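**Q** here is my input, please return the structure:
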Amino acid sequence: MVSIIFSNDFLGKNEAYTELDLKVNDSIVFECENGLFIGTVNSINDSKVNTDFNVLRVASKKDISDNEKNNKECEKVLSDVRKIAEKLELDMVFVEAVYTLDKKRLYISFVSDNRVDFRELAKRLAQKYHSRIEFRQIGVRDKSKKIGGIGPCGLMLCCNTFLNDFESVSINMAKNQMLALNPNKINGVCGRLKCCLKYENETYKSKKKDLPKVGAFIDTEDGMGKVIDVNILQRTVKVELQNKSIIYIDFEDKDENLR
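**A** Purely as a prediction, here's the structure:
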């Protein structure tokens, strides 16, 4: 069931929705370009959201019952499509099957490393289920978003809970945070770079500004020394002097003295 966030601004300018007197956790029937679906009102707040759909009505008991039956049938669809694809020797990993509320359309998502000719598969399914079949090839991140799971942090996956879109994540974000470039540490369960690498990237970039790099030689009050460690968040560097003694330089204090 789709989770929907309405803005007060959106509801206020749409009398039809205002008359429904929608509340959090209400089930509604809505229509979008992909067909009819049932969704749940997740929250109503003051933020502006994109609502590319029309709310038709508050879901009735029949709507909810039909949706539950569709979901159960989708489990059978997934079982059938896997068997047929195996017979056709198609390299496809099926993730999800979704019926529209009126069962006019059936959406099937899958993961594959290659382009797949699934025309024969779609033909056989259409003959069996008498619906318009649409296959959608998705990436491994989309798969994780749909299936969910537990991240290395011990919490539910961000993509499955609150992230709406996948933003670009680069290896430089891990470097900015001085993380070990070990795939087991910086990759998520999907095998791609963790989305959370982006969350604090701007903070690290700002804190890292003007700090010397590890291995650089700098002039200190006690003479020349080599930077052997950097603490970005505290903006301190650990320096080894020529006489092998160790000193710490606080760049926060240094910045204050420069102002």
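**Q** what's the longest strand in the protein?
**A** Ranked by number of residues, the top strand in the chain under DSSP state E is strand 35-45.
**Q** the helices in the stretch 101-250 of the chain, which residues?
**A** 119-129, 140-147, 158-161, 171-176, 183-186, 201-208 (DSSP state H, counting those that start in this stretch).
**Q** run the angle between the stretch of helix or strand residue 72 belongs to and strand 35-45 for me.
**A** Following DSSP states H and E, one finds residue 72 within helix 61-87. Helix 61-87 and strand 35-45 are oriented at 120 degrees to each other (axes from the mean of the first three to the mean of the last three CA atoms, to 10 degrees).
**Q** now do helix 61-87: distance to the chain's middle.
**A** 25 Å (CA atoms, centre = their mean, to the nearest Å).
**Q** repeat for stretch 161-169
**A** Distance of stretch 161-169 from the chain centroid (CA atoms, centre = their mean) equals 4 Å.
**Q** kindly report the same for stretch 28-36.
**A** So, by CA atoms, centre = their mean, the centroid of stretch 28-36 is 23 Å from its chain's centroid.
**Q** ok, now stretch 234-246?
**A** 41 Å.
**Q** what do you get for stretch 110-125?
**A** Stretch 110-125 has its C-alpha centroid displaced from the chain centroid by 25 Å (CA atoms, centre = their mean).
**Q** mind listing residues that contact it?
**A** 77, 80-81, 84-85, 88, 90-95, 106, 108, 133, 135-140, 143 (CB atoms under 8 Å, 6 or more residues apart in numbering). In this view, the C-beta of every residue, glycine as well, is placed from N, C-alpha and C.
**Q** now for the longest strand of the chain, which elements pack on it?
**A** Packing contacts for strand 35-45, counted by 3 or more CB pairs under 8 Å, 6 or more residues apart in numbering; DSSP states H and E, involve strand 2-7, helix 8-12, strand 27-32, helix 61-87.
**Q** just the mean pLDDT for the first one, thanks.
**A** The one in question is strand 2-7. The pLDDT scores in strand 2-7 average 51.
**Q** per-residue pLDDT, residue 248?
**A** pLDDT, residue 248: 93.
**Q** just to check, it is in contact with residue 235?
**A** No. The pair residue 248 / residue 235 is not scored as a contact, 11.1 Å apart, by CB atoms under 8 Å.
**Q** please say which of these two ends up with more neighbours.
**A** More neighbours surround residue 235 than the other of residue 248 and residue 235, with 19 against 11 (other CB atoms under 10 Å).
**Q** need the helices of the stretch 101-250 of the chain in a markdown table with mean pLDDT and distance to residue 65, can you?
**A** Output for the helices of the stretch 101-250 of the chain, formatted as a markdown table (pLDDT from 0 to 100; distance: least, CB to CB, whole Å):
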| stretch | mean pLDDT | distance to residue 65 |
| --- | --- | --- |
| helix 119-129 | 90 | 19 |
| helix 140-147 | 87 | 24 |
| helix 158-161 | 88 | 27 |
| helix 171-176 | 93 | 47 |
| helix 183-186 | 91 | 46 |
| helix 201-208 | 91 | 47 |
